[in-house]
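Trainee: Predicted structure and sequence below. I'll ask about it afterward.
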Amino acid sequence: MAEKKIRVLVAKPGLDGHDRGAKVIARALRDAGMEVIYTGLRQTPEMIAEAALQEDVDAVGLSILSGAHMALVPRVLDLLRANGQDKVRVFVGGIIPDEDVTKLQAAGVAGVYGPGSPTQKIIDDIRATVTGA
């Protein structure tokens, strides 16, 4: 029986209209053998949590360049928990100040990646976090 593919939802929450990084990561994850669902631009936390529930994903990747990460990410985490998706791992990429990285991790974010982060590290971190390997 084939190994179950890791399912990742990639989303752009808020009003940020720049999605090149999200598309690069989505392609890299897909090329690494993961199933990727890309929700597109300007998603609300509610839309993201609902899509994660409907798609039965293992991980959610949020790409945020707008500076609204401290409002949007905790809301997504709360909604995932409210849906009973405590095991869904959340990863964040974008422009995140160093002082906010530890706050996001304390809130439950599994990984935070800034510009220039190696895609292989993101792939490896998602695999390790989701599979426990």
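Mentor: Arrived safely, thanks for sending.
Trainee: so where do the strands sit in this structure?
Mentor: 7-11, 35-38, 59-64, 89-94, 109-113 (DSSP state E).
Trainee: got the CA positions of the third one in CSV?
Mentor: Spelled out, it's strand 59-64. Only the C-alpha atoms of strand 59-64 are listed here, as CSV (Å, rounded to 0.1, in the frame of the first residue of the first chain):
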residue,chain,number,x,y,z
ALA,A,59,-0.5,21.2,7.7
VAL,A,60,-1.4,24.8,6.9
GLY,A,61,1.2,27.2,5.5
LEU,A,62,0.4,30.9,5.9
SER,A,63,2.2,33.5,3.8
ILE,A,64,2.0,37.0,5.3
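Trainee: distance of the residue positioned nearest the centre of the chain from residue 19?
Mentor: When CA atoms, centre = their mean is applied to the chain, the residue found nearest the centroid is residue 61 (1.2 Å). The gap separating residue 61 from residue 19 is 12 Å, by CB to CB, to the nearest Å. In short, each C-beta sits where N, CA and C put it, glycine included.
Trainee: ok, which stretches of this structure are helices?
Mentor: In the chain, the helices defined using DSSP state H lie at 20-31, 45-55, 69-82, 98-107, 119-131.
Trainee: Quick check: mean pLDDT of the first one?
Mentor: Yep, that's helix 20-31 we're talking about. Averaged across helix 20-31, the pLDDT comes to 95.
Trainee: How far off centre is that helix?
Mentor: 12 Å (CA atoms, centre = their mean, to the nearest Å).
Trainee: and residue 15, what does it touch?
Mentor: Residue 15 is in contact with 42, 66, 68, counting by CB atoms under 8 Å, 6 or more residues apart in numbering.
Trainee: let's see it at 10 Å
Mentor: 41, 42, 66, 68 (CB atoms under 10 Å, 6 or more residues apart in numbering).
Trainee: Cheers, nothing more for now.
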